[in-house]
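# with the sequence up front, the predicted model follows.
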Amino acid sequence: MLVENFEVSRSYLAINEHSGGLLKLRLRSWDGGRDVVIDSSEPAYSMTLVQTPGIDSTTVRYVYSSLITPRTTYDYDMHTGLKELKKTEDVLGGYNPGNYVTEFLHATARDGTQIPVSVAYAKGTAIDGAAPLYQYAYGSYGISTDPTFRPNWVSLLQRGFVVAIAHVRGGQELGRQWFEDGRLLHKKNTFTDFIDVTEFLVKHGYGAKDKVFAEGGSAGGLLIGAVANMAPQAYRGIIAYVPFVDVVTTMLDESIPLTTNEFDQWGNPKQKVYYDYMLSYSPYDNVRAQDYPAMLVFTGLWDSQVQYYEPAKWVAKLRATKTDRHPLIFSVNMSAGHGGKSGRFQRYHDTAVEYAFILHELGIEE
């Protein structure tokens, strides 16, 4: 269990915790008479504690969300256990969460570890191994990827996709040790967890073997790049946003402001044990003559965290080395940084390109 946040009142301590793979809200009375986790009607969800002014307050405020439930704000009475709905985020287009299903699964990794997986799909989507599968993960820096509502994923759900978040090692969904088991000399667990989740979902009918798409960005782009080298046959398409793919070269260059701070995550390559380990998974260094999936790679010219030349040289090496004829599209945004182009809606331009790429690969032209 990992404590993310807390709020104090005269009668209760409210604790926002990651436990069992999910972000939950626990209430404990100071007298020890009550210790309860606020319940949810959905198996996969996220509860985020909101600052509650006043130590005398008898209520605690939190935001609830899931892959199919938009951000919803509640006040919870700590004495009666009653919830009061305060606000629900609007979703345009007549969205109805009752038309969708979310599940919380566990996939067995190759070393026996149970990997939590959050999935969602429309009620009319049969889990019979025919649906296209869209799988996402991050898995670095102890950042947990909670199953919260993403409006753009509704577009995929409505088209019969199953969407999944693989809560791979490297985050902290299962506490600090989950992070420790996915960094430094254990970093490959992040990549193999992702691949094993894909195998599990396909085996259990959540996706067709030839219709699996994988997406990740930044350090999650490193994950996607490593997965592309390690198990290219498992994916129909790969989408990588601002991917950190030239690990060894970047980590050897201490003139880059972020590099030395990153030693805690990847290790210092001036030490041979870390150099050899990084080299064994760095996506750029492990490109080889084999068939790769169709690939779409995004970068920004002004990216100060993963400079554009990392994915540029990776794409160039892939094009010179891979043995397939699948498309490899490289999109360079000439006015964007690491977080994409500025502006409230600009990121949806890349999303539109991504979904067009996926639908084209499936032969669905719109």
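Arrived safely, thanks for sending.

# please identify the helix or strand for V36.
Using DSSP states H and E, V36 sits within strand 35-37.

# pLDDT on that strand, on average?
For strand 35-37, mean pLDDT is 93.

# please name the strands paired to that strand in the sheet, noting orientation.
strand 22-29 (antiparallel) (DSSP bridges).

# what is the mean pLDDT for the helix or strand just after the strand holding V36?
Using DSSP H and E, the helix or strand that follows strand 35-37 in sequence is strand 46-50. Strand 46-50 shows a mean pLDDT of 97.

# tell me which residues are up against strand 46-50.
Strand 46-50 is contacted from outside by 4-7, 14, 16, 22-25, 38, 40, 60-66, 73, 146-148, using C-beta atoms under 8 Å, 6 or more residues apart in numbering. Just so you know, the C-beta spots here come from the backbone N, C-alpha and C atoms, and that holds for glycine as well.

# confidence score at the nearest residue to D324 once chain neighbours are set aside?
Nearest non-adjacent residue to D324, counting by C-beta to C-beta, 6 or more residues apart in numbering: D291, 4.0 Å away. Note for D291: predicted pLDDT of 98.

# shouldn't D291 be in contact with T323?
Yes: contact criterion C-beta atoms under 8 Å: D291 and T323 qualify, at 5.5 Å.

# residues of stretch 93-109 that come out buried?
95, 97, 100-105, 107, 109 (16 or more other C-beta atoms under 10 Å).

# nearest to T88, of the residues you listed?
P97 (9.8 Å; C-beta to C-beta).

# quick one: contacts for the closest one?
With C-beta under 8 Å, 6+ apart, P97 has these contacts: 68-70.

# what about V245, how many residues nearby?
31 (other C-beta atoms under 10 Å).

# residues touching it, list them.
The contact partners of V245, by C-beta under 8 Å, 6+ apart, come to 221-222, 225, 282-284, 310-311, 314.

# try it again with 6 Å
If a contact means C-beta atoms under 6 Å, 6 or more residues apart in numbering, then V245 has 225, 283-284, 310, 314 as its contacts.

# mind listing which of these are in helices?
Taking DSSP state H, the ones among the contacts of V245 that sit in helices are 225, 310, 314.

# turn the residues you listed into JSON lines, including neighbour count and pLDDT.
As requested, these are arranged in JSON lines below (neighbours: other C-beta atoms under 10 Å; pLDDT from 0 to 100):
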{"residue": "G225", "neighbour count": "31", "pLDDT": "98"}
{"residue": "E310", "neighbour count": "24", "pLDDT": "92"}
{"residue": "W314", "neighbour count": "27", "pLDDT": "97"}
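
# can you tell me which of those residues is nearest N189?
The closest of the ones in helices among the contacts of V245 to N189 turns out to be G225 (C-beta to C-beta; 16.1 Å).

# and the closest residue to the closest one other than its chain neighbours, how many neighbours?
With sequence-adjacent residues excluded and distances taken as C-beta to C-beta, 6+ apart, G225 is closest to P283, at 2.9 Å. Counted with other C-beta under 10 Å, the neighbours of P283 add up to 28.

# let me see the contact set for P283.
225-226, 245.

# tell me the phi and psi of it?
The phi/psi pair for P283 (degrees, to the nearest 10) reads phi -50, psi -40.

# G139 and E173 touch, don't they?
No: taking contacts as C-beta atoms under 6 Å, G139 lies outside contact range of E173: 9.7 Å.

# circling back to that earlier point, a markdown table please, covering the contacts of P283 and showing distance to G300.
Shown next, in a markdown table, are these (distance: C-beta to C-beta, whole Å):
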| residue | distance to G300 |
| --- | --- |
| G225 | 17 |
| A226 | 22 |
| V245 | 15 |
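
# rewinding a little: now name the helix or strand holding the residue nearest to D324.
Counting by DSSP H and E, D291 is part of no helix or strand.

# got it, and V202?
Using DSSP H and E, V202 sits within helix 188-203.

# extract the C-alpha trace of that helix and format it as PDB.
Extracted in PDB, the C-alpha atoms of helix 188-203 (Å, rounded to 0.1, in the frame of the first residue of the first chain):
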ATOM      1  CA  LYS A 188      13.000  -5.400 -18.400                       C
ATOM      2  CA  ASN A 189      10.100  -6.500 -16.200                       C
ATOM      3  CA  THR A 190       8.200  -3.400 -17.500                       C
ATOM      4  CA  PHE A 191       8.600  -4.700 -21.100                       C
ATOM      5  CA  THR A 192       7.900  -8.400 -20.500                       C
ATOM      6  CA  ASP A 193       4.900  -7.500 -18.300                       C
ATOM      7  CA  PHE A 194       3.400  -5.600 -21.200                       C
ATOM      8  CA  ILE A 195       4.000  -8.500 -23.600                       C
ATOM      9  CA  ASP A 196       2.600 -11.000 -21.100                       C
ATOM     10  CA  VAL A 197      -0.500  -8.900 -20.600                       C
ATOM     11  CA  THR A 198      -1.100  -8.900 -24.400                       C
ATOM     12  CA  GLU A 199      -0.700 -12.700 -24.500                       C
ATOM     13  CA  PHE A 200      -3.200 -13.000 -21.600                       C
ATOM     14  CA  LEU A 201      -5.800 -10.700 -23.200                       C
ATOM     15  CA  VAL A 202      -5.600 -12.500 -26.500                       C
ATOM     16  CA  LYS A 203      -5.800 -15.900 -25.000                       C
END
